[in-house]
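>>> got a predicted model here, sequence first, then my questions.
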Amino acid sequence: MHILVTGGAGFIGSHTLIELYKAGHTAVVVDNLCNSNPLALQRVAEIIGVPAIPFHKVDIRDRAGLERVFAGHKFDACIHFAGLKAVGESVEKPWEYYENNIGGTLTLVDVMRRHGCKNIIFSSSATVYGDPDEIPITEQCPKGQCTNPYGWTKSMLEQVLMDTQKADPEWNVVLLRYFNPVGAHPSGRIGENPKGIPNNLMPYITQVAVGKRAELGVFGDDYPTPDGTGVRDYIHVVDLATAHVCALQAIVRRCGIGIYNIGTGHGYSVLDMVKAFVRVNGVEVPYSIKPRRVGDIATCYCNPAKAMAELGWEARHDIDDMVRDSWNWQRQNPEGY
Ligand code: NAD
Ligand code: UD1
């Protein structure tokens with residue numbers, strides 16, 4: 001299939017490009033590079049063994065720019081990663097988040113339908129469940145109250161896309177609710193490249209390990225979890241990438257609307273992650289216990305059985321792979337790209 005990948009220069013998009021090409025698909029990337037580096041695409045091309053990945057530096061809010069891209073291609077589907085994703089920033093700049101993520105997606109969807117491309121795989125998030133009623137989380141669990149505008153953009157866009165499909169059944173909409181992506185391509189050539197101080201756990205750990213930060217703050221050790229620290233469903237980004245390739249099958253089967261949890265089904269605590277990182281990589285990660293972070297929940301992991309049953313997808317990488325590959329990327333690229 002010929003795929004439009006929005007946000008393809010980013011962390012998850014760049015890894016997904018590799019899996020798409022490995023599976024025999026072709027892709028065109030649209031990205032405004034607001035949170036990424038074109039070097040990522042160059043390295044993806046090197047890993048795949050092609051001269052270059054077709055790339056347009058276009059903002060998805062730019063209708064004319066998208067029109068130009070669509071004029072030159074007949075896309076079978078769009079994998080839509082483009083969006084702003086920093087939770088804290090979204091609290092400070094809600095308008096910018098709604099305008100970029102929702103405004104951008106509305107424009108994208110309109111241009112897609114005008115060009116007869118009515119298949120989309122959307123990057124959603126476990127955050128749409130809010131503080132879940134039951135663990136492990138299945139797709140049957142109701143959506144909840146989000147604690148920040150970023151989360152609401154995901155929740156609202158799910159609704160926008162589902163309503164679009166209901167009104168026009170020619171659409172196929174696959175909503176992938178990612179749990180906590182970590183890791184990197186095993187080559188260490190591409191990986192997560194946060195700007196400034198990392199918000200998420202794994203890039204913070206790797207930056208401490210590489211000496212860029214003095215110590216990790218562990219946000220709370222009094223949660224009702226086995227060791228008191230927060231429990232999450234960390235998933236290797238290569239597994240997450242293959243989930244998108246598998247999700248194309250749902251589109252081929254004309255799924256209408258498909259909603260899938262994309263996680264491993266295992267919950268690991270903050271200290272589990274730190275200990276695995278130290279054990280596997282043989283490096284020190286000093287840490288100290290800090291107060292809880294506002295908006296955090298105690299435990300979040302999923303039941304990924306639906307993705308297995310309907311998409312034939314399952315995570316293949318374990319916690320050791322995740323911490324090894326995260327470190328391999330950071331070690332080789334201490335300053336990122
Ligand atoms: P990322 O920031 O690395 O990639 C997003 C890409 O989108 C970047 O390259 C950025 O430049 C681009 N972009 C942003 N706004 C754009 C616009 N208006 N026009 C064109 N390009 C634009 O983030 P990621 O971690 O790869 O996440 C990809 C998607 O998955 C995002 O939608 C994110 O919200 C979602 N998601 C990520 C996580 C996570 O932990 N990384 C978890 C759940 C969901
Ligand atoms: C966060 C976002 C969520 C988003 C997800 C993936 C919040 C409240 N939620 O989820 O919306 O979808 O990232 O991008 O920000 N931790 C530390 N020290 C740190 C960093 C994190 O102890 O320096 C802990 C957290 O308290 C949590 C765990 O590590 O228990 C994971 O944190 P993080 O990587 O930020 O992901 P989430 O909070 O699950």
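Okay, I see it. Ligands and ions are numbered 1, 2, ... in the order given.
>>> how many neighbours does Arg293 have?
Arg293: 13 surrounding residues under other C-beta atoms under 10 Å. Every residue, glycine included, has its C-beta placed from N, CA and C.
>>> tell me the contacts of it?
Applying C-beta atoms under 8 Å, 6 or more residues apart in numbering, we find Arg293 in contact with Phe219, Gly220.
>>> what residues does the helix or strand of the chain with the lowest mean pLDDT touch?
Within the chain, confidence by mean pLDDT, DSSP states H and E is lowest for helix 87-92 among all helices and strands, at a mean of 95. Identification of contacts with helix 87-92 by C-beta under 8 Å, 6+ apart yields Leu84, Tyr97, Asn148, Pro149, Tyr150, Gly151, Thr153, Asn199, Gly295.
>>> in this protein, spot the helix with the most residues.
helix 149-167 (DSSP state H).
>>> among the contacts of helix 87-92, who's most crowded?
Thr153 (28 neighbours).
>>> what's the distance between it and ligand 1?
Going from Thr153 to ligand 1 by C-beta to the nearest ligand atom, to the nearest Å gives 8 Å.
>>> these two touch, right, that residue and Gly104?
No - with contact defined as C-beta atoms under 8 Å, Thr153 does not reach Gly104; the gap is 9.8 Å.
>>> what do the two both touch?
Gly83.
>>> near ligand 2, which residues of the stretch 1-150 of the chain?
Those residues of the stretch 1-150 of the chain that sit near ligand 2, judged by C-beta under 6 Å from any ligand atom, are Val87, Ser125, Thr127.
>>> go back to those residues and keep what's next to ligand 1.
Ser125.
>>> and which of the residues of the stretch 1-150 of the chain next to ligand 2 is nearest to Ala209?
Val87 (23.2 Å; C-beta to C-beta).
>>> gap between whatever residue of the stretch 151-300 of the chain ends up closest to ligand 2 and Thr164?
Nearest residue of the stretch 151-300 of the chain to ligand 2 (C-beta to the nearest ligand atom) works out as Gly230 at 2.3 Å. From Gly230 across to Thr164, the span is 35 Å (C-beta to C-beta, to the nearest Å).
>>> between the two, which one's more packed in?
Legend: neighbour count by other C-beta under 10 Å for Gly230 and Thr164, higher for Gly230 (24 against 19).
>>> so the more buried one makes contact with Gly220?
Yes - with contacts counted by C-beta under 8 Å, Gly230 reaches Gly220, the gap being 6.7 Å.
>>> residues near Pro334, how many?
Neighbours of Pro334 under the rule other C-beta under 10 Å: 11.
>>> so it: helix, strand or coil?
At Pro334 the chain is in coil, as set by DSSP: H, G, I helix; E, B strand; the rest coil.
>>> how about the helix or strand containing Arg324: buried residues?
Take DSSP states H and E as the rule and Arg324 turns out to sit in helix 319-332. Neighbour counts over helix 319-332 (16 or more other C-beta atoms under 10 Å) mark Ile319, Asp321, Met322, Val323, Arg324, Asp325, Ser326, Trp327, Asn328, Trp329, Gln330 as buried.
>>> ranges for the strands of the protein?
Ranges of strands within the chain are 2-6, 26-31, 55-57, 77-80, 119-125, 172-178, 180-182, 216-219, 231-232, 234-236, 257-262, 268-269, 287-290, 299-300, based on DSSP state E.
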